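**Student:** Sharing a model prediction with you, sequence too.
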Amino acid sequence: AQKITQTQPGMFVQEKEAVTLDCTYDTSDQSYGLFWYKQPSSGEMIFLIYQGSYDEQNATEGRYSLNFQKARKSANLVISASQLGDSAMYFCAMRGYGGYQKVTFGTGTKLQVIP
Amino acid sequence: DSGVTQTPKHLITATGQRVTLRCSPRSGDLSVYWYQQSLDQGLQFLIQYYNGEERAKGNILERFSAQQFPDLHSELNLSSLELGDSALYFCASSVGTGSYEQYFGPGTRLTVT
């Protein structure tokens, strides 16, 4: 079974500051992928970043980076230089590979960027 | 615009009824995923199809069923609707079955009265 835990229901960050959104996971799979999605108030889901369980380097996509600590089973999202448009819900998710695998999402963190 | 289309955008129906939600994946994508997002359950994975075949199954109720057609569009059928089925239903697509990047559609807002 897979489980994703996001312990921060809501967070505030000052514009232009960096912020870390926490995500821990639990799985018995040897091979899996970790994802972050952004959901603005408009409702759409936007893919941000991906980390494979065997990737040795932390994933980065522009201002987004994923701090992957496999031994701790954590996959925190770091947003650098926060912008007002970053205000949204952020979801961490995972999926196993091979066989019949489902996708599991966390409960989300609501980020608000303050001017 | 992700390239994934979903119809209808909004749907209001009564308990006990049956509805069909439709999804067209991005051009070239073979996998379609269905998700349900509600306030009490959060975002739940329902089911995945890859090139017409069921590939993964999540928390999908027996009253719900889905299929993917030869032209790769997919339909999610919800029957014997209950008030608790009111939610935002997302469809997403990806190139392959193990692909990491899923592109989400705008969702269908279902309200059961």
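**Tutor:** Yes, it's here.

**Student:** ranges for the strands of the chain?
**Tutor:** No chain specified, so I'll use chain A. A:3-5, A:10-14, A:19-21, A:24-26, A:32-39, A:46-52, A:60-61, A:64-69, A:74-79, A:88-96, A:103-105, A:109-114 (DSSP state E).

**Student:** ah, no, chain B please
**Tutor:** Using DSSP E, strands in chain B cover B:5-7, B:10-13, B:19-24, B:31-38, B:42-50, B:53-57, B:64-68, B:74-78, B:87-94, B:103-104, B:108-112.

**Student:** Give the residue spans of chain A that score low on pLDDT.
**Tutor:** A:98-100 (pLDDT under 70).

**Student:** For residue 52, which non-adjacent residue is closest in space?
**Tutor:** Using chain A here. A:Gly33 (5.4 Å; Cβ to Cβ, 6 or more residues apart in numbering or on different chains). Bear in mind the C-beta positions are built from the backbone N, C-alpha and C, glycine included.

**Student:** not what I meant, chain B
**Tutor:** Here the residue nearest B:Gly52, using Cβ to Cβ, 6+ apart, is B:Gln68, at 5.1 Å.

**Student:** Same question for B:Val4.
**Tutor:** B:Gly105 (3.8 Å).

**Student:** Also A:Asn67?
**Tutor:** In space, and not counting its chain neighbours, A:Asn67 is closest to A:Asn76: 4.4 Å by Cβ to Cβ, 6+ apart.

**Student:** try A:Ser65
**Tutor:** Using Cβ to Cβ, 6+ apart, the nearest residue to A:Ser65 is A:Val78, at 4.7 Å.

**Student:** what's near enough to touch that neighbour?
**Tutor:** A:Ala18, A:Val19, A:Thr20, A:Leu21, A:Tyr64, A:Ser65, A:Leu66, A:Asn67 (Cβ atoms under 8 Å, 6 or more residues apart in numbering or on different chains).

**Student:** same question, A:Thr104
**Tutor:** Counting by Cβ under 8 Å, 6+ apart, A:Thr104 has contacts A:Gln2, A:Lys3, A:Ile4, A:Ala93, A:Met94, A:Arg95, B:Phe45.

**Student:** hey, what's residue 89 bridged with?
**Tutor:** Picked chain A for this. Legend: beta-bridge partners of A:Met89 under DSSP bridges are A:Gln39, A:Lys110.

**Student:** Not quite, go with chain B.
**Tutor:** B:Gln36, B:Thr108.
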